[in-house]
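Participant: Following is a predicted model, sequence given first.
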Amino acid sequence: MLPGSIQITGEALSGAEVRDICDGLRENGVRLLSVRGCQLSDRDFGRVCRGVADSRSLAQLNLNLGVVSGLVRTRQLADALETNRSLQTLFLHGSPLLDAGLVTLNAALTSHPSLVSLDLGDCLLGDQALGLVCGMLPPDGAKSGLRELTLSANPGISTKGWARLAVAVAHSSQLRVLNLDYNPLGDQIAGMLAVAVASSRTLEVLDLEGTGLSNHAAQVFLDMVQSYPTSLRVLVLAENDIAPELQQQISDLLSEGEGEGEGEEEEDPGAPPTHPSPAYSSDMLPPREKQHHPHHQQHAGPWIPYSNPAPHVVMLTSGLDDSLLSETEM
(Lines give C-alpha, C1' and ligand atoms only; values in the text may rest on other atoms or scores of the structure.)
Protein backbone atom coordinates (compact mmCIF):
# COMPACT_ATOMS: atom_id res chain seq x y z
CA MET A 1 0.00 0.00 0.00
CA LEU A 2 1.34 3.42 -0.95
CA PRO A 3 1.79 6.06 1.76
CA GLY A 4 -1.28 8.22 2.30
CA SER A 5 -2.24 11.28 4.28
CA ILE A 6 -3.66 12.12 7.69
CA GLN A 7 -5.31 15.54 7.89
CA ILE A 8 -7.02 16.80 11.04
CA THR A 9 -7.98 20.41 11.70
CA GLY A 10 -9.07 22.11 14.92
CA GLU A 11 -9.59 18.97 17.00
CA ALA A 12 -8.52 17.94 20.50
CA LEU A 13 -6.59 14.76 19.74
CA SER A 14 -7.18 11.75 21.95
CA GLY A 15 -4.46 9.35 23.01
CA ALA A 16 -5.88 6.75 20.62
CA GLU A 17 -5.71 9.15 17.69
CA VAL A 18 -2.13 10.06 18.53
CA ARG A 19 -1.25 6.37 18.77
CA ASP A 20 -2.73 5.74 15.31
CA ILE A 21 -0.75 8.65 13.89
CA CYS A 22 2.47 7.36 15.42
CA ASP A 23 1.84 3.82 14.17
CA GLY A 24 1.35 5.16 10.64
CA LEU A 25 4.56 7.17 10.83
CA ARG A 26 6.64 4.28 12.16
CA GLU A 27 5.23 1.93 9.52
CA ASN A 28 6.10 4.45 6.77
CA GLY A 29 2.44 4.67 5.83
CA VAL A 30 2.12 8.47 5.94
CA ARG A 31 3.34 10.90 3.28
CA LEU A 32 1.38 13.94 4.49
CA LEU A 33 0.60 14.65 8.15
CA SER A 34 -1.49 17.71 9.03
CA VAL A 35 -2.68 18.42 12.58
CA ARG A 36 -3.42 22.07 11.82
CA GLY A 37 -4.83 23.96 14.83
CA CYS A 38 -5.15 20.78 16.91
CA GLN A 39 -4.81 20.49 20.67
CA LEU A 40 -2.68 17.75 22.19
CA SER A 41 -0.64 17.35 25.34
CA ASP A 42 3.11 17.94 25.44
CA ARG A 43 3.55 14.21 25.99
CA ASP A 44 1.51 13.35 22.92
CA PHE A 45 3.26 16.00 20.86
CA GLY A 46 6.56 14.37 21.85
CA ARG A 47 5.21 11.00 20.70
CA VAL A 48 4.27 12.47 17.32
CA CYS A 49 7.74 13.99 17.01
CA ARG A 50 9.37 10.63 17.68
CA GLY A 51 7.18 9.17 14.95
CA VAL A 52 8.33 11.92 12.59
CA ALA A 53 11.93 11.12 13.44
CA ASP A 54 11.41 7.43 12.62
CA SER A 55 9.45 7.96 9.41
CA ARG A 56 11.11 7.41 6.04
CA SER A 57 7.97 8.26 4.03
CA LEU A 58 6.84 11.61 5.48
CA ALA A 59 7.21 14.40 2.91
CA GLN A 60 4.97 17.13 4.35
CA LEU A 61 4.29 18.09 7.97
CA ASN A 62 1.67 20.73 8.84
CA LEU A 63 1.78 22.03 12.42
CA ASN A 64 0.09 25.36 11.63
CA LEU A 65 -1.92 27.52 14.01
CA GLY A 66 -0.31 27.15 17.39
CA VAL A 67 0.48 23.43 17.57
CA VAL A 68 4.14 24.25 18.33
CA SER A 69 3.14 26.32 21.33
CA GLY A 70 6.37 26.79 23.26
CA LEU A 71 10.09 26.06 23.58
CA VAL A 72 9.55 22.54 24.94
CA ARG A 73 7.71 21.54 21.77
CA THR A 74 10.18 23.46 19.63
CA ARG A 75 13.02 21.39 21.09
CA GLN A 76 11.07 18.18 20.50
CA LEU A 77 10.49 19.15 16.88
CA ALA A 78 14.15 20.08 16.42
CA ASP A 79 15.20 16.65 17.73
CA ALA A 80 12.82 14.98 15.28
CA LEU A 81 14.15 16.97 12.33
CA GLU A 82 17.72 16.10 13.28
CA THR A 83 16.90 12.42 12.65
CA ASN A 84 14.30 12.59 9.88
CA ARG A 85 15.63 12.50 6.32
CA SER A 86 12.47 12.46 4.18
CA LEU A 87 10.63 15.72 4.99
CA GLN A 88 10.36 18.19 2.10
CA THR A 89 7.77 20.70 3.36
CA LEU A 90 7.25 22.06 6.89
CA PHE A 91 4.39 24.38 7.86
CA LEU A 92 4.73 26.25 11.18
CA HIS A 93 2.44 29.17 10.28
CA GLY A 94 0.86 30.78 13.33
CA SER A 95 3.28 29.29 15.88
CA PRO A 96 4.65 31.64 18.60
CA LEU A 97 8.26 30.68 17.90
CA LEU A 98 9.90 34.08 18.53
CA ASP A 99 13.59 34.40 17.76
CA ALA A 100 14.47 31.91 20.49
CA GLY A 101 12.39 29.23 18.81
CA LEU A 102 14.11 29.65 15.48
CA VAL A 103 17.49 29.57 17.22
CA THR A 104 16.43 26.20 18.62
CA LEU A 105 15.30 24.92 15.21
CA ASN A 106 18.05 26.46 13.12
CA ALA A 107 20.64 23.66 13.10
CA ALA A 108 18.04 21.02 12.26
CA LEU A 109 16.45 23.12 9.51
CA THR A 110 19.76 24.16 7.97
CA SER A 111 21.23 20.66 7.90
CA HIS A 112 18.11 18.77 6.80
CA PRO A 113 18.95 17.03 3.50
CA SER A 114 15.49 17.17 1.89
CA LEU A 115 13.67 20.25 3.21
CA VAL A 116 12.87 22.68 0.38
CA SER A 117 9.69 24.47 1.55
CA LEU A 118 9.22 26.29 4.88
CA ASP A 119 6.32 28.38 6.22
CA LEU A 120 7.25 30.69 9.11
CA GLY A 121 4.37 33.11 8.68
CA ASP A 122 2.93 34.79 11.79
CA CYS A 123 5.60 33.31 14.07
CA LEU A 124 6.52 36.55 15.92
CA LEU A 125 9.98 36.59 14.35
CA GLY A 126 12.50 39.42 14.60
CA ASP A 127 15.81 40.33 13.01
CA GLN A 128 17.79 37.57 14.74
CA ALA A 129 15.47 34.92 13.35
CA LEU A 130 15.52 36.48 9.89
CA GLY A 131 19.31 36.36 9.89
CA LEU A 132 19.08 32.61 10.46
CA VAL A 133 16.52 32.29 7.67
CA CYS A 134 18.94 34.05 5.31
CA GLY A 135 21.39 31.26 6.07
CA MET A 136 18.87 28.83 4.57
CA LEU A 137 19.19 30.67 1.23
CA PRO A 138 22.79 29.86 0.27
CA PRO A 139 24.39 31.79 -2.60
CA ASP A 140 25.08 30.44 -6.06
CA GLY A 141 27.42 27.49 -6.04
CA ALA A 142 26.80 26.67 -2.38
CA LYS A 143 24.75 23.77 -1.01
CA SER A 144 21.08 23.51 -1.93
CA GLY A 145 18.66 25.62 0.09
CA LEU A 146 14.98 26.46 0.35
CA ARG A 147 12.94 26.72 -2.84
CA GLU A 148 9.80 28.09 -1.20
CA LEU A 149 9.75 30.43 1.83
CA THR A 150 6.81 32.08 3.61
CA LEU A 151 7.43 34.91 6.10
CA SER A 152 3.94 36.49 6.10
CA ALA A 153 2.77 38.64 9.02
CA ASN A 154 6.00 39.04 11.00
CA PRO A 155 5.84 42.80 11.75
CA GLY A 156 8.64 42.61 14.33
CA ILE A 157 11.26 42.43 11.58
CA SER A 158 12.96 45.78 10.95
CA THR A 159 13.86 47.52 7.70
CA LYS A 160 17.44 46.40 8.23
CA GLY A 161 16.29 42.79 8.55
CA TRP A 162 14.26 42.91 5.34
CA ALA A 163 17.19 44.52 3.51
CA ARG A 164 19.35 41.60 4.57
CA LEU A 165 16.76 39.19 3.20
CA ALA A 166 16.70 41.05 -0.13
CA VAL A 167 20.46 40.56 -0.45
CA ALA A 168 20.12 36.85 0.36
CA VAL A 169 17.35 36.44 -2.22
CA ALA A 170 19.44 38.16 -4.88
CA HIS A 171 22.20 35.59 -4.42
CA SER A 172 20.10 32.49 -3.67
CA SER A 173 20.55 29.79 -6.28
CA GLN A 174 17.36 27.91 -5.39
CA LEU A 175 14.50 30.14 -4.20
CA ARG A 176 11.42 30.08 -6.45
CA VAL A 177 8.56 31.28 -4.21
CA LEU A 178 8.74 34.07 -1.59
CA ASN A 179 5.64 35.10 0.39
CA LEU A 180 6.03 38.35 2.38
CA ASP A 181 2.37 39.39 2.54
CA TYR A 182 1.08 41.44 5.49
CA ASN A 183 4.42 42.81 6.60
CA PRO A 184 4.90 46.61 6.87
CA LEU A 185 7.57 46.72 4.16
CA GLY A 186 6.89 50.03 2.45
CA ASP A 187 8.29 51.33 -0.82
CA GLN A 188 11.94 51.35 0.28
CA ILE A 189 12.08 47.62 0.95
CA ALA A 190 9.99 46.94 -2.15
CA GLY A 191 12.67 48.71 -4.19
CA MET A 192 15.34 46.46 -2.67
CA LEU A 193 13.21 43.44 -3.48
CA ALA A 194 12.89 44.60 -7.08
CA VAL A 195 16.69 44.59 -7.32
CA ALA A 196 16.72 41.10 -5.79
CA VAL A 197 14.16 39.89 -8.33
CA ALA A 198 16.20 41.31 -11.18
CA SER A 199 19.30 39.55 -9.85
CA SER A 200 17.67 36.17 -9.14
CA ARG A 201 17.67 33.55 -11.88
CA THR A 202 15.06 31.39 -10.17
CA LEU A 203 12.45 33.48 -8.29
CA GLU A 204 9.04 32.97 -9.93
CA VAL A 205 6.49 34.06 -7.29
CA LEU A 206 6.65 37.13 -5.01
CA ASP A 207 3.67 37.92 -2.76
CA LEU A 208 3.59 41.50 -1.48
CA GLU A 209 -0.11 41.69 -0.63
CA GLY A 210 -0.92 44.19 2.10
CA THR A 211 2.64 45.43 2.60
CA GLY A 212 2.08 49.20 2.57
CA LEU A 213 3.17 49.87 -1.00
CA SER A 214 2.27 52.82 -3.23
CA ASN A 215 2.37 53.57 -6.95
CA HIS A 216 6.05 54.45 -6.50
CA ALA A 217 6.95 50.86 -5.64
CA ALA A 218 4.75 49.52 -8.42
CA GLN A 219 6.50 51.80 -10.92
CA VAL A 220 9.86 50.40 -9.82
CA PHE A 221 8.62 46.87 -10.50
CA LEU A 222 7.12 47.99 -13.82
CA ASP A 223 10.43 49.51 -14.91
CA MET A 224 12.22 46.35 -13.82
CA VAL A 225 10.05 43.94 -15.83
CA GLN A 226 10.07 46.31 -18.83
CA SER A 227 13.83 46.69 -18.93
CA TYR A 228 15.37 43.47 -17.64
CA PRO A 229 14.85 39.74 -18.21
CA THR A 230 13.42 38.06 -15.13
CA SER A 231 12.25 34.65 -14.01
CA LEU A 232 9.31 36.26 -12.19
CA ARG A 233 5.88 34.95 -13.23
CA VAL A 234 3.61 36.03 -10.37
CA LEU A 235 3.74 39.34 -8.47
CA VAL A 236 0.95 39.91 -5.95
CA LEU A 237 0.26 43.57 -5.17
CA ALA A 238 -3.32 43.35 -3.87
CA GLU A 239 -4.43 45.38 -0.83
CA ASN A 240 -1.86 48.10 -1.47
CA ASP A 241 -2.44 51.71 -2.48
CA ILE A 242 -1.56 50.96 -6.09
CA ALA A 243 -3.53 51.95 -9.16
CA PRO A 244 -5.22 48.94 -10.83
CA GLU A 245 -3.87 49.99 -14.23
CA LEU A 246 -0.29 49.78 -12.92
CA GLN A 247 -0.95 46.30 -11.58
CA GLN A 248 -2.42 45.30 -14.92
CA GLN A 249 0.56 46.65 -16.84
CA ILE A 250 2.91 44.55 -14.70
CA SER A 251 0.72 41.50 -15.16
CA ASP A 252 0.64 41.98 -18.95
CA LEU A 253 4.41 42.27 -19.13
CA LEU A 254 4.90 39.14 -17.05
CA SER A 255 2.49 37.35 -19.38
CA GLU A 256 4.52 38.42 -22.40
CA GLY A 257 7.76 37.17 -20.90
CA GLU A 258 6.37 33.93 -19.56
CA GLY A 259 7.36 31.67 -22.42
CA GLU A 260 10.75 33.16 -23.19
CA GLY A 261 12.79 30.94 -20.91
CA GLU A 262 10.88 27.72 -21.43
CA GLY A 263 13.00 24.72 -22.27
CA GLU A 264 16.25 26.35 -21.15
CA GLU A 265 16.44 24.79 -17.72
CA GLU A 266 15.92 21.15 -16.91
CA GLU A 267 13.25 20.79 -14.26
CA ASP A 268 14.38 19.43 -10.91
CA PRO A 269 11.94 16.64 -9.96
CA GLY A 270 12.31 17.53 -6.28
CA ALA A 271 11.36 21.17 -6.78
CA PRO A 272 7.97 22.63 -5.88
CA PRO A 273 5.60 23.01 -8.83
CA THR A 274 6.00 26.10 -10.97
CA HIS A 275 3.19 28.59 -11.36
CA PRO A 276 2.65 29.45 -15.03
CA SER A 277 0.03 32.15 -14.58
CA PRO A 278 1.44 35.67 -14.19
CA ALA A 279 -1.74 37.02 -12.60
CA TYR A 280 -1.27 39.21 -9.56
CA SER A 281 -4.31 37.92 -7.69
CA SER A 282 -3.68 36.07 -4.43
CA ASP A 283 -6.05 33.40 -5.74
CA MET A 284 -3.27 32.25 -8.05
CA LEU A 285 -0.84 31.48 -5.23
CA PRO A 286 -0.13 27.96 -4.01
CA PRO A 287 -2.76 27.07 -1.37
CA ARG A 288 -1.53 28.00 2.11
CA GLU A 289 -2.50 29.96 5.23
CA LYS A 290 -3.44 33.13 3.38
CA GLN A 291 -4.31 35.95 5.77
CA HIS A 292 -6.73 38.77 5.14
CA HIS A 293 -6.22 40.54 8.46
CA PRO A 294 -5.75 44.29 8.95
CA HIS A 295 -2.40 45.80 8.04
CA HIS A 296 0.28 45.78 10.74
CA GLN A 297 -1.98 44.14 13.31
CA GLN A 298 -0.12 43.74 16.58
CA HIS A 299 -0.48 40.96 19.12
CA ALA A 300 -1.95 42.07 22.43
CA GLY A 301 -2.58 39.89 25.47
CA PRO A 302 -2.47 36.11 25.00
CA TRP A 303 -1.02 35.15 21.64
CA ILE A 304 -3.61 33.98 19.11
CA PRO A 305 -2.77 33.09 15.50
CA TYR A 306 -4.41 35.23 12.83
CA SER A 307 -6.22 32.30 11.17
CA ASN A 308 -8.80 30.42 13.22
CA PRO A 309 -9.21 26.75 12.33
CA ALA A 310 -12.59 25.22 11.61
CA PRO A 311 -13.26 21.73 12.99
CA HIS A 312 -12.41 18.99 10.55
CA VAL A 313 -12.43 15.23 10.51
CA VAL A 314 -9.59 12.82 9.81
CA MET A 315 -9.00 12.25 6.11
CA LEU A 316 -7.11 9.17 4.94
CA THR A 317 -5.98 8.81 1.35
CA SER A 318 -3.57 6.42 -0.28
CA GLY A 319 -1.37 6.89 -3.31
CA LEU A 320 -0.90 10.58 -2.61
CA ASP A 321 0.49 12.31 -5.65
CA ASP A 322 3.30 14.86 -5.29
CA SER A 323 0.99 17.52 -6.67
CA LEU A 324 -1.12 17.24 -3.55
CA LEU A 325 1.77 18.00 -1.23
CA SER A 326 0.73 21.56 -0.58
CA GLU A 327 -1.19 23.08 2.29
CA THR A 328 -4.94 22.95 1.75
CA GLU A 329 -7.53 25.10 3.50
CA MET A 330 -9.97 22.76 5.22
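Facilitator: Thanks, I have the structure now.
Participant: Strands of the stretch 101-250 of the chain, start to end?
Facilitator: Assigned by DSSP state E, counting those that start in this stretch, the strands in the stretch 101-250 of the chain fall at 117-119, 148-150, 177-179, 205-207, 234-236.
Participant: Tabulate the ones you listed (TSV), appending distance to Leu246 and mean neighbour count.
Facilitator: (Glycine included, C-beta is placed from N, CA and C.) As requested, the strands of the stretch 101-250 of the chain are exported to TSV (distance: least, CB to CB, whole Å; neighbours: other CB atoms under 10 Å):
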stretch	distance to Leu246	mean neighbour count
strand 117-119	29	24
strand 148-150	25	26
strand 177-179	21	26
strand 205-207	16	25
strand 234-236	11	25
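Participant: export the ones you listed to JSON lines and tack on distance to Val220?
Facilitator: Shown next, in JSON lines, are the strands of the stretch 101-250 of the chain (distance: least, CB to CB, whole Å):
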{"stretch": "strand 117-119", "distance to Val220": "27"}
{"stretch": "strand 148-150", "distance to Val220": "22"}
{"stretch": "strand 177-179", "distance to Val220": "17"}
{"stretch": "strand 205-207", "distance to Val220": "13"}
{"stretch": "strand 234-236", "distance to Val220": "11"}
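Participant: Ok, which of those comes nearest Gly70?
Facilitator: Minimum separation from Gly70 across the strands of the stretch 101-250 of the chain (CB to CB) falls at strand 117-119, 18.8 Å.
Participant: Just tell me which of the strands of the stretch 101-250 of the chain ends up closest to Asp127.
Facilitator: Asp127 lies closest to strand 148-150 among those, at 16.3 Å (CB to CB).
Participant: Relative to the closest one, what are the paired strands and their orientations?
Facilitator: Sheet pairing for strand 148-150, assigned by DSSP bridges, gives strand 117-119 (parallel), strand 177-179 (parallel).
Participant: Quick one: the helices in the stretch 101-250 of the chain, in order.
Facilitator: When assigned using DSSP state H, counting those that start in this stretch, the helices of the stretch 101-250 of the chain occupy the ranges 127-134, 159-171, 186-199, 215-227, 244-257.
Participant: Quick one: end-to-end length of stretch 59-66, please.
Facilitator: End-to-end distance of stretch 59-66 (CA to CA, to the nearest Å): 21 Å.
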